[in-house]
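J.: Sharing a model that was predicted from the sequence below.
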Amino acid sequence: GGFGGKETQASQVAIWAALAAHKFARPVKLRLDRDDDFLITGKRHAFSFDWEAGFDDQGRLLALELTELADCGFSADLSVPICDRAVFHSDNAYFLEHVAIHSWRCRTHKQSSTAFRGFGGPQGMLVIETIMGEIARRLGQDPLEVRRINLYGTQERHVTHYGMPLEDNILAPLIDNLVQSARYRERRAAIVQWNAANPVIKRGLALTPVKFGISFTATQLNQAGALVHVYTDGSVLLNHGGTEMGQGLHTKVAQIVAQALGLPLTSVRVSASDTARVPNASATAASTGTDLNGRAAQLAAIQVRERLARFVAEQDGCSAAEVRFEQAQVVSPKVSRAWKEVVAAAYSARIQLWSDGYYRTPKIHYDPRTLTGRPFYYFAYGAACTEIAIDLLTGESRVLAVDILHDVGRSINPALDIGQIEGGFIQGMGWLTSEELVWDAQGRLLTHGPSSYKIPSAGDLPAEFRIELWPEANREDNVYGSKAVGEPPFMLAISVWEALRDAVAQARGDGQPVRLDAPATP
């Protein structure tokens with residue numbers, strides 16, 4: 001996938017090329033080399049947090065005052081919606097009864113910070129998970145129990161701090177399921193024994209949840225269009241407004257159209273996204289690519305299917321509802337015909353064999369002045385249990401085992417979804433453990449190449465890496481009961497951060513707060 005970094009900042013490179021083309025009256029192609037790209041383009045927003053929390057003897061959070069300071073760089077770029085989403089996700093999975101959140105967007109002399117996978121969500125979730133871990137240490141409790149007692153529940157404990165009721169909450173059963181499958185309690189007891197016997201290598205364990213809202217917080221962006229063309233040889237051409245960047249969007253949308261028409265996937269060809277065909281498309285971002293474009297394409301395909309069903313029904317003397325499309329056959333109570341045969345006959349009978357589809361996300365509304373409303377159509381949930389080891393002499397750490405249970409609704413393509421979960425988790429692990437950015441006093445970036453900026457490699461994969469998908473379909477009317485998958489898995493890696501802090505706390509044994517900045521490099 002693209003991860004957001006070029007969502008707005010590709011524009012400046014295009015402008016430089018356009019200026020050169022204008023000056024020399026010649027076509028210009030401009031590519032930044034890796035070092036220049038590092039130095040010029042923006043990074044994800046660094047946040048600094050100040051917080052004060054009040055809680056009872058069971059660890060239930062009673063009051064929270066939280067100040068979030070975001071390093072926006074030299075221009076606003078996307079900082080306003082990114083910081084807004086950080087505010088939205090500062091609860092993560094927990095009910096905040098009495099809360100004040102202050103969000104400051106700070107102009108600095110660095111590159112203009114910009115979009116990144118999670119778009120403020122990771123920063124907001126990181127601070128509340130940090131708070132949960134600190135409450136547990138102060139009380140001498142298992143951090144998982146503090147997290148569970150603070151989860152969103154039913155009745156009065158189900159409304160977010162921005163006024164949105166949680167109608168699809170599966171946090172408690174999902175976490176319970178992962179606790180069992182990951183053998184959390186047995187492993188925690190074993191880790192306590194290990195740490196007591198090993199003075200240098202300490203282990204830590206953490207299980208953290210994710211609740212990530214799906215929709216653009218700018219309501220007007222939650223719309224999409226698509227075109228579906230059926231040709232006389234039975235082939236289908238699909239065009240939609242989403243951008244394929246390696247995340248498998250074209251594959252999923254093609255699957256949706258193929259299923260709507262009862263065809264094999266090989267019958268559907270996807271053309272490159274182009275605003276000459278589908279205008280006013282929203283960015284392929286906010287994990288909404290399949291939700292928006294897939295539903296628009298499905299609606300277009302359904303219109304073609306319904307016209308063909310009416311055509312067949314008139315010939316066979318039945319209702320259109322009785323006509324089925326399956327396995328490249330069109331089946332009525334009277335006869336089964338090949339898809340190609342029906343399409344050719346419909347063309348001869350002057351039946352329209354193409355259609356457009358348009359979709360706008362329902363139910364959502366949001367007041368940017370008060371930060372209240374229903375900015376999200378639904379939530380994607382998940383949880384990760386991570387075990388780490390840390391060397392007290394060198395500070396080196398290693399992720400030993402990861403168990404993930406993640407909610408993608410009814411998966412349209414499990415292979416793609418699991419791939420996104422794997423990639424998102426490892427990328428989040430890099431954010432929190434190795435990807436350190438260093439600037440000098442003049443705001444010049446010193447870590448601008450692979451020798452000094454360390455992203456995870458294949459060698460950083462945990463030896464045990466187990467991923468399961470939550471079996472329940474989306475409770476909202478999303479395409480085929482699916483849920484978005486692009487961004488939510490990134491925040492599962494906060495379990496790595498909390499496992500590191502757990503190991504440090506066990507090594508010290510003093511019950512005091514573990515002050516740590518991300519990334520937790522050696």
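T.: In hand now; what should we look at?
J.: Mind giving me the packing neighbours of whichever strand or helix holds Phe47?
T.: Element membership for Phe47 (DSSP states H and E) is strand 46-55. Under the contact definition 3 or more Cβ pairs under 8 Å, 6 or more residues apart in numbering; DSSP states H and E, strand 46-55 sits against strand 61-73, helix 121-139. C-beta: built from backbone N, CA, C; applies to glycine.
J.: ok, now which ones touch the most far-flung residue of the chain relative to its centre?
T.: Distance from the centre of the chain peaks at Gly317, with 48.5 Å (Cα atoms, centre = their mean). By Cβ atoms under 8 Å, 6 or more residues apart in numbering, Gly317 lies in contact with Lys334.
J.: Can you get me a residue count around Glu486?
T.: Just to correct that, residue 486 is Gly rather than Glu. Other residues within reach of Gly486 by the criterion other Cβ atoms under 10 Å amount to 29.
J.: Also Leu446?
T.: The local packing of Leu446 (other Cβ under 10 Å) involves 12 other residues.
J.: any idea which element Leu207 lies in?
T.: strand 201-214.
J.: those helices in this structure, which residues are they?
T.: 10-24, 34-40, 79-88, 121-139, 143-149, 171-181, 184-197, 249-261, 289, 295-316, 339-348, 414-433, 494-508 (DSSP state H).
J.: Mind putting the ones you listed into CSV with mean neighbour count, mean pLDDT and distance to Ala226?
T.: Putting the helices of the chain into CSV (neighbours: other Cβ atoms under 10 Å; pLDDT from 0 to 100; distance: least, Cβ to Cβ, whole Å) gives the following:
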stretch, mean neighbour count, mean pLDDT, distance to Ala226
helix 10-24, 12, 95, 24
helix 34-40, 14, 90, 33
helix 79-88, 22, 96, 25
helix 121-139, 24, 98, 27
helix 143-149, 21, 97, 41
helix 171-181, 17, 98, 32
helix 184-197, 14, 98, 44
helix 249-261, 23, 98, 8
helix 289, 29, 96, 12
helix 295-316, 21, 98, 4
helix 339-348, 17, 98, 19
helix 414-433, 21, 97, 19
helix 494-508, 24, 97, 35
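J.: Kindly reformat the ones you listed as a markdown table containing distance to Asp367.
T.: Formatted as a markdown table, the helices of the chain follow (distance: least, Cβ to Cβ, whole Å):
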| stretch | distance to Asp367 |
| --- | --- |
| helix 10-24 | 29 |
| helix 34-40 | 36 |
| helix 79-88 | 12 |
| helix 121-139 | 19 |
| helix 143-149 | 31 |
| helix 171-181 | 26 |
| helix 184-197 | 40 |
| helix 249-261 | 31 |
| helix 289 | 26 |
| helix 295-316 | 26 |
| helix 339-348 | 48 |
| helix 414-433 | 31 |
| helix 494-508 | 29 |
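J.: which one of the ones you listed lies closest to Ala63?
T.: helix 121-139 (11.6 Å; Cβ to Cβ).
J.: returning to what we had before: mind putting the helices and strands packed on strand 46-55 in JSON lines, distance to Ile404 included?
T.: Shown next, in JSON lines, are these (distance: least, Cβ to Cβ, whole Å):
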{"stretch": "strand 61-73", "distance to Ile404": "25"}
{"stretch": "helix 121-139", "distance to Ile404": "16"}
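J.: hmm, back to that, nearest to Asp71 among the helices of the chain would be which one?
T.: Per Cβ to Cβ, nearest to Asp71 of the helices of the chain: helix 79-88, 9.2 Å.
J.: what packs against the closest one?
T.: Looks like helix 79-88 contacts strand 61-73, strand 99-107, helix 121-139 (3+ Cβ pairs under 8 Å, 6+ apart).
J.: Among these, which comes closest to Ile390?
T.: helix 121-139 (15.5 Å).
J.: And the residue lying closest to Val230 once chain neighbours are set aside, how close does it get to Ile175?
T.: Nearest non-adjacent residue to Val230, counting by Cβ to Cβ, 6 or more residues apart in numbering: Leu353, 4.3 Å away. Leu353 sits 49 Å away from Ile175, going by Cβ to Cβ, to the nearest Å.
J.: Leu249 too?
T.: Between Leu249 and Ile175 the computed distance is 30 Å (Cβ to Cβ).
J.: circling back: which other residues reach the strand holding Phe47?
T.: Contacts for strand 46-55 (Cβ under 8 Å, 6+ apart): 61-71, 86, 113, 123, 126-127, 130-131, 134-135, 139, 437.
J.: make it 6 Å
T.: By Cβ atoms under 6 Å, 6 or more residues apart in numbering, the residues outside strand 46-55 that reach it are 61-71, 123, 127, 131, 135.
J.: hang on, the earlier thing: of the helices and strands packed on helix 79-88, give the one that comes closest to Val179.
T.: It's helix 121-139; of these, that one is closest to Val179 (Cβ to Cβ) at 15.5 Å.
J.: how far off helix 414-433 does the closest one point, in degrees?
T.: Put simply, helix 121-139 runs at 60 degrees to helix 414-433, going by axes from the mean of the first three to the mean of the last three Cα atoms, to 10 degrees.
J.: chain center to helix 121-139: distance?
T.: The chain centroid and the centroid of helix 121-139 are separated by 20 Å under Cα atoms, centre = their mean, to the nearest Å.
J.: For it, name the packing helices and strands.
T.: strand 46-55, helix 79-88, helix 143-149, helix 494-508 (3 or more Cβ pairs under 6 Å, 6 or more residues apart in numbering; DSSP states H and E).
J.: any chance of those in CSV, plus distance to Asn413?
T.: Output for the helices and strands packed on helix 121-139, formatted as CSV (distance: least, Cβ to Cβ, whole Å):
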stretch, distance to Asn413
strand 46-55, 34
helix 79-88, 26
helix 143-149, 31
helix 494-508, 25
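J.: which one of those lies closest to Lys6?
T.: helix 79-88 (15.2 Å).
J.: Give me the contacts around the closest one.
T.: 45, 68, 70, 72, 101, 103, 105, 119-121, 123-124, 217.
J.: Make JSON lines from these and add distance to Gly409 to it.
T.: Putting the contacts of helix 79-88 into JSON lines (distance: Cβ to Cβ, whole Å) gives the following:
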{"residue": "His45", "distance to Gly409": "29"}
{"residue": "Glu68", "distance to Gly409": "30"}
{"residue": "Ala70", "distance to Gly409": "31"}
{"residue": "Cys72", "distance to Gly409": "34"}
{"residue": "Ile101", "distance to Gly409": "29"}
{"residue": "Ser103", "distance to Gly409": "31"}
{"residue": "Arg105", "distance to Gly409": "34"}
{"residue": "Phe119", "distance to Gly409": "21"}
{"residue": "Gly120", "distance to Gly409": "23"}
{"residue": "Gly121", "distance to Gly409": "19"}
{"residue": "Gln123", "distance to Gly409": "26"}
{"residue": "Gly124", "distance to Gly409": "23"}
{"residue": "Thr217", "distance to Gly409": "21"}
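J.: Looking at those, which one is closest to Lys211?
T.: Looking across these and measuring by Cβ to Cβ, the closest to Lys211 is Gly121, at 9.7 Å.
J.: show me what contacts that closest one?
T.: Applying Cβ under 6 Å, 6+ apart, the residues near Gly121 are 85, 89, 212.
J.: So for Val192, which of the helices and strands packed on helix 121-139 sits nearest?
T.: Using Cβ to Cβ, the helices and strands packed on helix 121-139 put helix 494-508 closest to Val192, at 7.4 Å.
J.: what inclination does that closest one have with respect to helix 121-139?
T.: Using the same axes, to 10 degrees: helix 494-508 against helix 121-139 is 30 degrees.
J.: can you list the domains in this structure?
T.: Annotated domains of the chain cover 32-217+368-508, 223-360 [automatic domain parsing].
J.: Mind putting those into TSV with distance to Ala518?
T.: Supplementary listing: the domains of the chain in TSV, determined by distance: least, Cβ to Cβ, whole Å:
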stretch	distance to Ala518
domain 32-217+368-508	5
domain 223-360	22
